[in-house]
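J.: Return atomic coordinates for the entry below.
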Amino acid sequence: MVELFRLEENPPFPNHPLPVLFYPEALINLIENSKDPGNETIAFFEEKGYTNGWVNGIHDFHHFHSNTHEVLACIKGSATVQIGGPQAEEHTFTTGDVVLIPAGVAHKRLTATDDFKVVGAYPNGKSPDMHRGDAPDYEDVQQRCYDVLVPDTDPVYKYDGPVQKHWSLSEDN
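T.: Below you'll find the predicted structure:
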């Protein structure tokens, strides 16, 4: 199961015409049965083509990446995250949840439990840039976000998942 979050442009945050993909409890079994959920989640994503993984939290300021999409999996605790910039909707992420955030989509941790941890990774191991919505060339940054290619694989289902269904070029996004 996947939920779609469709966002409008929210200057200075471009957001993206592609929807955010939210996979509730997609990795709950892997995490609950793991002795090392961070490294096992990184390995899970690597098998799906999402590499350059890390374990940490989510920044407490609005930010986005203009050069890559980003997958996050909550491996411990929970957090409320605002997706889409100021005045955008807030979403709660708990252990096992996965979210695939398109390039240009602002995200910010609002609150979190003390034990909150996520694993992050990027299609094809891209190294993300960091934007806080203060670029003097907004239109250029927005275009770079929109030009990021759709990944070949889905971070949870690999070749037959929501990326192929909802991020398809033939679908009316």
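J.: Test my guess that residue 22 contacts residue 1.
T.: No. Contact status for residue 22 versus residue 1: not in contact, 9.4 Å apart, counting by Cβ atoms under 8 Å. All C-beta spots, glycine's among them, are computed from the backbone N, C-alpha and C.
J.: ok, residue 131 - contacts?
T.: Counting by Cβ atoms under 8 Å, 6 or more residues apart in numbering, residue 131 touches 63-66, 141.
J.: Distance check, it against residue 55.
T.: Going from residue 131 to residue 55 by Cβ to Cβ, to the nearest Å gives 23 Å.
J.: now residue 17
T.: Taking Cβ to Cβ, one finds residue 17 at 30 Å from residue 55.
J.: again with residue 85
T.: The value you get for residue 85 to residue 55, if Cβ to Cβ is used, is 26 Å.
J.: about what we covered before: now, which of the contacts of residue 131 lie within strands?
T.: Of the contacts of residue 131, none are assigned to strands by DSSP state E.
J.: so can I have TSV of those residues showing neighbour count?
T.: Below are the contacts of residue 131 laid out as TSV (neighbours: other Cβ atoms under 10 Å):
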residue	neighbour count
63	19
64	28
65	23
66	21
141	21
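J.: Can I get those residues in TSV including pLDDT?
T.: Formatted as TSV, the contacts of residue 131 follow (pLDDT from 0 to 100):
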residue	pLDDT
63	98
64	98
65	98
66	97
141	96
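J.: what stretches of the chain score poorly on pLDDT?
T.: Counting by pLDDT under 70, the chain has low-confidence residues at 169-173.
J.: So residue 144, which state does it fall into?
T.: Secondary structure for residue 144, judged by DSSP: H, G, I helix; E, B strand; the rest coil, is helix.
J.: if I pick it, what's in contact with it?
T.: Contacts for residue 144 (Cβ under 8 Å, 6+ apart) come out as 66-67, 103.
J.: which one among those residues gets closest to residue 45?
T.: For the contacts of residue 144, the closest approach to residue 45 (Cβ to Cβ) belongs to residue 103, at 17.2 Å.
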